[in-house]
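Trainee: let's see this in three dimensions:
(2 chains)
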Amino acid sequence: DTAVSQTPKYLVTQMGNDKSIKCEQNLGHDTMYWYKQDSKKFLKIMFSYNNKELIINETVPNRFSPKSPDKAHLNLHINSLELGDSAVYFCASSSTASSYNSPLHFGNGTRLTVT
Amino acid sequence: SQQGEEDPQALSIQEGENATMNCSYKTSINNLQWYRQNSGRGLVHLILIRSNEREKHSGRLRVTLDTSKKSSSLLITASRAADTASYFCAKAPYTGGFKTIFGAGTRLFVKA
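Mentor: Now for the predicted structure:
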């Protein structure tokens, strides 16, 4: 069973379109995250939800909107896609919101290409 | 920035050799974690070392932490071709405890 699954794996779209990436975890974790990995492999946190409550909202354009219908799901919706949004987006979860003792469990990523 | 640096950016070794990767950080941390990322996959957690620990082992992996130098190292002994991957250190700062902060990783290539 896949612990953290995200769909789609690949997403190719044109500038200006709106797209969504879905994420689900079956680990029973309370906290979920979205990270963005750029072409240089640098991994940067975007958002985090703990029990459906937004707890981290980094400096991300407001074209990006996360939604957590329940603590097992965290989706990412992106409006008016731009070329610079091309990256790999990773969903992750952890058992608690505190990073002090909770390693992250990652999905396999969604490679977004904006043309 | 809090991310610090990973060093080297890339490392190529022969199977059987040891691989050492280093990580530095700038602000005080609660713990430091190491992750592996295989090509086209998500990151997989390897080891978590707390700020009051100096060394941890897991199989062929050995992690050290020197809080006075704000640095950590990951040693992979007797490397295998299957160890080829990117390795990331991730810092959990004392403040902002919800964030785990990653760098750009070290790309390890183990030649068979």
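Trainee: which residue, other than its chain neighbours, is closest to the residue of chain B found nearest chain A?
Mentor: Closest approach between chain B and chain A, counting by CB to the nearest CB: residue B:42, at 3.3 Å. No exception for glycine: its C-beta is placed from N, CA and C like everyone else's. Leaving aside its sequence neighbours, residue B:42 sits nearest to residue A:106 (CB to CB, 6 or more residues apart in numbering or on different chains; 3.3 Å).
Trainee: ok, the one you found to residue B:12 distance?
Mentor: 25 Å (CB to CB, to the nearest Å).
Trainee: out of those two, which sits in the busier spot?
Mentor: Taking neighbours as other CB atoms under 10 Å in any protein chain shown, residue A:106 and residue B:12 compare with residue A:106 leading, 23 against 12.
Trainee: does the more buried one touch residue B:43 like I think?
Mentor: Yes: shown here, residue A:106 and residue B:43 form a contact pair, counting by CB atoms under 8 Å, at 4.5 Å.
Trainee: for the residue in chain A that chain B sits nearest to, phi and psi?
Mentor: Nearest to chain B in chain A, going by CB to the nearest CB, is residue A:106, at a distance of 3.3 Å. Note on residue A:106: its backbone torsions stand at phi -100, psi 150 [degrees, to the nearest 10].
Trainee: report the beta-bridge partners for it.
Mentor: For residue A:106, the beta-bridge partners under DSSP bridges are residue A:92.
Trainee: hmm, back to that, for the residue nearest to residue B:42, what are its contacts?
Mentor: A:4, A:35, A:90-92, B:35, B:42-44 (CB atoms under 8 Å, 6 or more residues apart in numbering or on different chains).
Trainee: only the buried residues of stretch A:5-25, if you could.
Mentor: Within stretch A:5-25, the residues scored as buried using 16 or more other CB atoms under 10 Å in any protein chain shown are A:6, A:11, A:13, A:19, A:21-25.
Trainee: can you pull out the strands in the chain?
Mentor: All of this refers to chain A. A:4-7, A:10-13, A:19-25, A:31-37, A:43-50, A:53-57, A:64-70, A:73-78, A:87-94, A:105-106, A:110-114 (DSSP state E).
Trainee: please refer instead to chain B.
Mentor: According to DSSP E, the strands that chain B contains are B:6-7, B:10-14, B:19-24, B:29-37, B:43-50, B:55-58, B:61-66, B:71-76, B:85-93, B:101-102, B:106-111.
Trainee: same list (these) but as a markdown table, adding mean pLDDT.
Mentor: Below are the strands of chain B laid out as a markdown table (pLDDT from 0 to 100):
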| stretch | mean pLDDT |
| --- | --- |
| strand B:6-7 | 88 |
| strand B:10-14 | 97 |
| strand B:19-24 | 96 |
| strand B:29-37 | 92 |
| strand B:43-50 | 95 |
| strand B:55-58 | 97 |
| strand B:61-66 | 98 |
| strand B:71-76 | 97 |
| strand B:85-93 | 91 |
| strand B:101-102 | 88 |
| strand B:106-111 | 97 |
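Trainee: any idea how far residue A:107 lies from residue A:59?
Mentor: 23 Å.
Trainee: and for residue A:72?
Mentor: Distance from residue A:72 to residue A:59, by CB to CB: 27 Å.
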